[in-house]
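> need coordinates for the below:
(chains A and B)
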2 protein chains.
Amino acid sequence: MKDRELRQKAREIFFAAIEAVHPSKVLKRVCTLQKETLRIMGREFDLSSFEGIYVVGAGKGSAAMARSLEEVMGDRIREGMVVTKYGHSERTERIRVLEAGHPIPDESGVEATSRILELLSKTTERDLVICLLSGGGSALLTAPEEGISLSDIKELTRVLLLRGVDIKEMNTLRKHLSRVKGGKLAKRAFPSQVLSLIISDVVGDDLSSIASGPTYPDPTTFRDCLDIIERYDLEGEVPPSILKHLKRGREGKVEETLKEGDPVFSRVTNIIIGNNLMALEAAKRKAEGLGFRSIILSSMVEGEAREVAKVHTAILKEVIKTGNPVERPACILSGGETTVTVRGNGKGGRNQEFALAAALEIVGLEGVLVLGAGTDGTDGPTDAAGAFADGSTVRRGEEAGLDPLSYLRRNDSYNFFKPLSDLFVTGPTGTNVMDLRIMLVS
Amino acid sequence: MKDRELRQKAREIFFAAIEAVHPSKVLKRVCTLQKETLRIMGREFDLSSFEGIYVVGAGKGSAAMARSLEEVMGDRIREGMVVTKYGHSERTERIRVLEAGHPIPDESGVEATSRILELLSKTTERDLVICLLSGGGSALLTAPEEGISLSDIKELTRVLLLRGVDIKEMNTLRKHLSRVKGGKLAKRAFPSQVLSLIISDVVGDDLSSIASGPTYPDPTTFRDCLDIIERYDLEGEVPPSILKHLKRGREGKVEETLKEGDPVFSRVTNIIIGNNLMALEAAKRKAEGLGFRSIILSSMVEGEAREVAKVHTAILKEVIKTGNPVERPACILSGGETTVTVRGNGKGGRNQEFALAAALEIVGLEGVLVLGAGTDGTDGPTDAAGAFADGSTVRRGEEAGLDPLSYLRRNDSYNFFKPLSDLFVTGPTGTNVMDLRIMLVS
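You can find the predicted model right below:
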């Protein structure tokens, strides 16, 4: 099989995966409404007992999910309001779509969230609230607690990023500064029944992390927040309003996030309707259809991109050498989200860095292709979703005067792949279930 | 299945793997002599045309291989001499066993090598030389080129280690300073027929790397050596005798290592009789016998131990969550050799660090066991081969007042596992095919 052919197949596999988790497709596929029975992924909900059905939501995919839900439920929806990223609106009939800033929250987000909360204050125990959540929901659903301004939140984020506070710790803080995160959206809807339909952009689908868990119990506490402040020695850098709020919270003077066992959750059902694994499963079916023996390694791969590449290419080389873990023609799939420890000042993303590190491990191999790509079509601050690597990548780079190792050292994968035409450019795909890695051996 | 039971099974799987590649076992299993036909791994050698059969060799396993070869070939062997590490001798009848320093070469190694070369100078085109190579052969087979002393070589090694020169670059230099490495042993035996039987301790079984390739072509050149000196800015630190030799080599005044196509190699056959993959295959058979659905990911896993652990445990978690890539009860196997970038001043080894990083990823999971271990029974400068990790490791550590993350940060895995009795201690196993990772899900 020629290299070009192998690339084409990798593309097809990638887009089959995307389609399986696309907000405009997935709802129609997993939800059916027959009379008053809503079926979602093997579960049934009797809608006949509900007076009104309301829809709220947040995320980059929320508008597409809203439109898709309207196609399923039509005029059974009474009213709704979702917030999505600028430019991500869709034409809807009954569900109002608002736009706001992402990844940095803005006043439009605050305004939109306040309108969503207003809507929820109207719903009663006889109503059903369907909540549509997808990646980006955390930034879009923005409602700082009293006494805290949006600019305080932004300043906190800046400080946390600077100090390399990890995303889980960041979310712990965010949840304790918000009137919607950490289960508090569900509380606003209480005593209405809440059904959250979720596209997961989080490794392992931790519901308390996706969009900062607006309809899910939060295991973290104000004490944890102050531990983080202490651990990173941030006391002097965090805005005073925030520090004050956290300390008052620890003293029990501010309400905690909602905990497991809270009666609110007896009225809440969370269902993941799209995630990395579903994308991988669709990729696997497609690859098998194309004649590849296929395996899914894991949907939960994390770790430093260049090291993750070494393990992946070790498996690729074993396929070629001995037919383990599968015989060729083979497709090895994995998902999740790697990280890049930035050491240089180059341009790239975790998927392009993965591909460049992979290229260095598969020099000279024939009939192999590696594709690493973000399912949202964006990899780092670049216009590419990821990049292709094969056995000729390093040679072609060197022929073009590009030393792959030095590009990797500078985290400059984008500028290595671009002149080789080996970037994988898709434009925004409209969904996000983290990254996919597709390795083919013909 | 109880944790203890799972550990016991992991042990059994490990030892089944070791047995499959043990120098005292593998030769007897893969070689048979019927009359004058020697069969080795599907190949046949007619011995009737040879007058004398001589045996040479080097490596930590060379004495055990020699003894084992005597059991196969008996008095068909005329004479032999192998060099092994101090304390690794075995009782032999016809093949003389010499001992020398490892991993730092010493004068005994120089003396032993010179006696081996003397033996080879006697053999003729009517003779067969069987060469037994295993890990450690590079240090044990020591014959500096004229004008270079052993202490020059040691000083070079010290400088290279200090600068973090990688093992491939180190071998490039070593081969160009030696009278036996880089194919030169085969040249000494020429025109005798040479049959090298090799236990590989090198990722991917690169024959030019194992024991620095005494019977295999060397793709590197004197120019490469000087490039390395330049790249690491070592000109002022390398002993003058070595620098002079390398420069004379570049000018063509010293003979290069042997290159592919050299007529010497028309008389040489190299056969790998033991490697990481064979160990993994034996582990897989054993695991299947114990009822685990088993896969071999790769025998060629490299990369930073703690990052490799993340990818491995991601697969483990996927097995539990969705039955990918295999349904439980499952055994996921991999081999190769990871690295540890030392940042702290703790005590540990790459396998113990792998296990500690794995423990942090599988907190609370039940019915899982992770074992990372060196097949030689040694992991770093410790008395352990590796360590066990399971879902309770982190909790048990914390209960004992040990913070796993801080032990990992300090590269102090040994001192984390020791008080928990989670070290895997085997003593020297007598073989080395790098590392094994065994992950079980009951």
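
> contacts, neighbours, all on C-alpha from now
OK.

> backbone dihedrals for the closest residue to chain B within the stretch 101-250 of chain A, both of them.
Nearest residue of the stretch 101-250 of chain A to chain B, counting by CA to the nearest CA: A:G204, 8.9 Å away. The phi/psi pair for A:G204 (degrees, to the nearest 10) reads phi 80, psi 0.

> from what I can see it touches A:M300, true?
Yes: counting by CA atoms under 8 Å, A:G204 touches A:M300, with 5.9 Å between them.

> returning to what we had before: what about the residue of the stretch 101-250 of chain A closest to chain B, neighbour count?
Residues near A:G204, counting by other CA atoms under 10 Å in any protein chain shown, number 19.

> enumerate every residue touching it.
A:299-300 (CA atoms under 8 Å, 6 or more residues apart in numbering or on different chains).

> how near is it to B:E318?
9 Å (CA to CA, to the nearest Å).

> one more: A:G386?
Relative to B:E318, and taking CA to CA, A:G386 is found at 24 Å.

> so the two - more neighbours on which side?
Neighbour comparison, A:G386 and B:E318: the larger count goes to A:G386, with 34 against 22 (by other CA under 10 Å).

> what bridges to the more buried one?
Beta bridges link A:G386 to A:A373, A:F424 when assigned by DSSP bridges.

> okay, strands next: where are they in the stretch 251-400 of chain A?
Counting by DSSP state E, counting those that start in this stretch, the stretch 251-400 of chain A has these strands, from start to end: A:268-274, A:293-301, A:330-336, A:368-374, A:386-390.

> how about the stretch 51-200 of chain A?
Using DSSP E, counting those that start in this stretch, strands in the stretch 51-200 of chain A cover A:53-58, A:79-85, A:95-100, A:128-133, A:193-199.

> where do the helices sit along the stretch 301-442 of chain A?
A:305-322, A:350-361, A:393-399, A:404-409, A:413-417 (DSSP state H, counting those that start in this stretch).

> and among those, the most buried is which?
Of the helices of the stretch 301-442 of chain A, the one with the most neighbours on average (mean count of other CA atoms under 10 Å in any protein chain shown) is helix A:350-361, at a mean of 29.

> that one near chain B anywhere?
No: counting by CA under 8 Å from any CA of the partner chain, chain B has no neighbours in helix A:350-361; the shortest distance is 10.2 Å.

> helix or strand for the closest residue to A:F45 other than its chain neighbours, just tell me which one.
Of all residues not flanking A:F45 in the chain, A:L38 sits nearest, at 5.0 Å (CA to CA, 6 or more residues apart in numbering or on different chains). Per DSSP states H and E: A:L38 is located in strand A:37-40.

> can I get that strand in PDB, CA atoms only?
What follows is strand A:37-40, C-alpha atoms only, in PDB (Å, rounded to 0.1, in the frame of the first residue of the first chain):
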ATOM      1  CA  THR A  37     -40.900   7.500  26.100                       C
ATOM      2  CA  LEU A  38     -37.500   9.000  25.700                       C
ATOM      3  CA  ARG A  39     -34.900   6.200  25.100                       C
ATOM      4  CA  ILE A  40     -31.200   7.100  25.600                       C
END
